[in-house]
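A.B. asks: fold the following and give me the result.
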Amino acid sequence: MKKFLLITSCVFLLCLSGCWGMKEVQHQIYITALGLDFKKGQYYVYFQALSFSNVARQEGGSSSSEEPPVLVGTGKGDTLEEAFDYIQRSSPSPLYFGHISTLYFTPSMLKHHLNEFLDYAGRTEVIRYNTGVFSIKKDIKEAMSLNGFFGKSPAFSFTFNPGEVLENDSFIPTITYQNLIQRYRQPVGSMLIPSIKVEESQWQEGEKPKSIVKISGGYLLAHKKITGWLNINELEGINWLDKDTTRLYLVYNEKK
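C.D. replies: Predicted coordinates for the structure are as follows:
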């Protein structure tokens, strides 16, 4: 009887699916951010990839004098599909898009080709709904190549995790990919897409200026169109209308 049960168990075990098709971490390139631009009649897609071994080491408290490498690839084509395929064909390892945390759009992409991207992303399920959305006028590759403070990877920067910074000073509302697709086609109302720029005049690392990504203002989107851009000073007061505001700083001027 025991022999029969053993044989039966072995037969059933053979039918179970295992992890034979699972790929090792080092055998894939994990894309963490996408930049999208349209210029000279072609779509440009910028792929940012990080080394997860470096991120895990930094989260564990390990320190290193060397900055972790940031990989930025460029794909281009007459369509978004061609731009994505362009970079995937040149990659020595398969690209994995499940870890994308940030989207960067240039003004030309926002103004004229946002609908094409939303259609493409909706059909391919490339983007997670909680992915942060930002706009940038120039230096998109430079912004995607910057490491955080103390040699940390971009995974510890503002655009990857704005919530921690805005919890202490809710100076501007941020949006996710879910907010974008929910409100893009609404016939009424508008939304703000925060814009960023590369700044190197405020911080210094050792004896060298430290380049950082900083909020510069925001684009207003209404009725599927960009209706204007306001700088950060012109947006003062918008945080009073944001339900996610947690803390504000007020300056009292005796002359007013």
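
A.B. asks: quick check: the residue nearest to S101 when sequence neighbours are not counted vs Y120, distance?
C.D. replies: Residue nearest to S101 in three dimensions, not counting chain neighbours: F160, with 5.2 Å by C-beta to C-beta, 6 or more residues apart in numbering. (Glycine included, C-beta is placed from N, CA and C.) Using C-beta to C-beta, to the nearest Å, we find F160 at a distance of 23 Å from Y120.

A.B. asks: and the residue sitting nearest the centre point of the chain, how far from T159?
C.D. replies: Centroid check for the chain by C-alpha atoms, centre = their mean gives T102 as the closest residue, at 0.8 Å. According to C-beta to C-beta, T102 and T159 sit 5 Å apart.

A.B. asks: between the two, what contacts are shared?
C.D. replies: Counting by C-beta atoms under 8 Å, 6 or more residues apart in numbering, the shared contacts of T102 and T159 are A33, G132, F134.

A.B. asks: what is the burial count for the last one?
C.D. replies: Other residues within reach of F134 by the criterion other C-beta atoms under 10 Å amount to 24.

A.B. asks: just checking, the residue nearest to S101 touches N147?
C.D. replies: No. F160 is beyond contact range of N147, at 11.6 Å (criterion: C-beta atoms under 8 Å).

A.B. asks: who has more neighbours, the two?
C.D. replies: Neighbour tally, F160 and N147, criterion other C-beta under 10 Å: the higher count belongs to N147, 22 against 17.

A.B. asks: for the stretch 151-256 of the chain, which segments count as helices?
C.D. replies: Listed in chain order, the helices of the stretch 151-256 of the chain (DSSP state H, counting those that start in this stretch) span 162-168, 177-183.

A.B. asks: looking at these, which is nearest to E125?
C.D. replies: Of all these, it is helix 177-183 that lies closest to E125, at 11.5 Å by C-beta to C-beta.

A.B. asks: can you tell me which helices and strands that closest one packs against?
C.D. replies: On a contact count with 3 or more C-beta pairs under 8 Å, 6 or more residues apart in numbering; DSSP states H and E, helix 177-183 meets helix 114-124, strand 132-136, strand 191-199.

A.B. asks: tell me the buried residues in it?
C.D. replies: Going by neighbour count (16 or more other C-beta atoms under 10 Å), the buried part of helix 177-183 is Y177, N179, L180.

A.B. asks: what's the closest of those residues to K39?
C.D. replies: Nearest to K39 out of the buried residues of helix 177-183 is L180 (C-beta to C-beta; 21.7 Å).

A.B. asks: for that closest one, list the residues it contacts.
C.D. replies: Shown in contact with L180 (C-beta under 8 Å, 6+ apart): L118, V133, M191, I193.

A.B. asks: number of nearby residues for the third one?
C.D. replies: The burial metric for M191, expressed as a neighbour count using other C-beta under 10 Å, is 18.

A.B. asks: what bridges to it?
C.D. replies: M191 forms beta bridges with L221, as assigned by DSSP bridges.

A.B. asks: was I right to think it contacts R183?
C.D. replies: Yes. Assessed by C-beta under 8 Å, M191 is found in contact with R183 at 5.0 Å.
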